[in-house]
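# Got a predicted model here, sequence first, then my questions.
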Amino acid sequence: MAIQILETAGPEETFALGEKLGKKAQAGEIYLLFGDLGSGKTVFAKGMAVGLGIAEPVNSPTFTILQIYEEGRLPLYHFDVYRIADAEEMEEIGYYDFFYGNGVCLIEWADLVSEILPGNCIKITIKKDLEKGFDYRTIMIDKPDSSADNLPAAKGDGYIL
Ligand code: ADP
Ligand code: MG
């Protein structure tokens, strides 16, 4: 596992990080987004979509669970499972085809469907620290070794660890 912790000072920086990862994303990758309501998961998702070359605006699909964007370099399957009752609802959506398909999955509130997640997902945890300001976030990226080459390139690129 390769873990990195970055800091962002505002939504633009979180968006830019998402965009950067979106540019490097590979088919079959599953990005899990953890963090409280309003931490910035959807901001990150919007950046990732732009990085994948998606021009259509990305919104939080809270009431639909899944939004599919097919116009980019790779399809983006954006899940927001905040309102899901149980993992069976994911079966009804046919999540399997998306998790094991040719696109990139991004799952907000992934902890609510933990029992169906494969082991090799990329975990992104966004946290506020109000002592450091309202717009400050730490973003932890936890990647399985197999996709470690997708990480931001070098120190000075936003790393604090
Ligand atoms: P979530 O999807 O996690 O519920 P959103 O991405 O919808 O959260 O909202 C995050 C909110 O926090 C937005 O209003 C955004 O402008 C604000 N914000 C402030 N600072 C940051 C930051 N550093 N990164 C991301 N969002 C931030
Ligand atoms: Mg959201």
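Good, I have the coordinates. Residues are numbered from 1 along each chain as shown. Ligands and ions are numbered 1, 2, ... in the order given.
# May I ask you to confirm that L74 is in contact with G101?
No: counting by CB atoms under 8 Å, L74 stays clear of G101, with 9.9 Å between them. (Each C-beta comes from the backbone N, C-alpha and C, glycine too.)
# Compare those two and say which one has the larger neighbour count.
Neighbours around L74 and G101, counted as other CB atoms under 10 Å, are more numerous at L74. The numbers are 20 against 15.
# In contact with the more buried one: list those residues for me.
By CB atoms under 8 Å, 6 or more residues apart in numbering, the contact set of L74 is 25-27, 52, 102-104.
# did I read that right, it in a helix?
No: counting by DSSP: H, G, I helix; E, B strand; the rest coil, L74 is not part of a helix but coil.
# Next one: it relative to V104, how far apart?
Going from L74 to V104 by CB to CB, to the nearest Å gives 5 Å.
# Common neighbours of the two, please.
Common neighbours of L74 and V104 (CB under 8 Å, 6+ apart) are 25-27, 52.
# Now distance to ligand 2 too, for those residues, in a markdown table please.
Shown next, in a markdown table, are these (distance: CB to the ion, whole Å):
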| residue | distance to ligand 2 |
| --- | --- |
| A25 | 19 |
| Q26 | 23 |
| A27 | 24 |
| L52 | 18 |
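# what is K128 paired to in the beta sheet?
Counting by DSSP bridges, K128 is bridged to R137.
# residues touching it, list them.
Residues in contact with K128, defined by CB under 8 Å, 6+ apart, are 36, 39, 136-137.
# what's the answer for G22, then?
G22 neighbours (CB under 8 Å, 6+ apart): 47-52, 104.
# Which single one of these is nearest to T64?
Of all those, A49 has the smallest distance to T64: 15.6 Å, by CB to CB.
# Could you report the neighbour count for that closest one?
Residues contacting A49 under the criterion other CB under 10 Å number 26.
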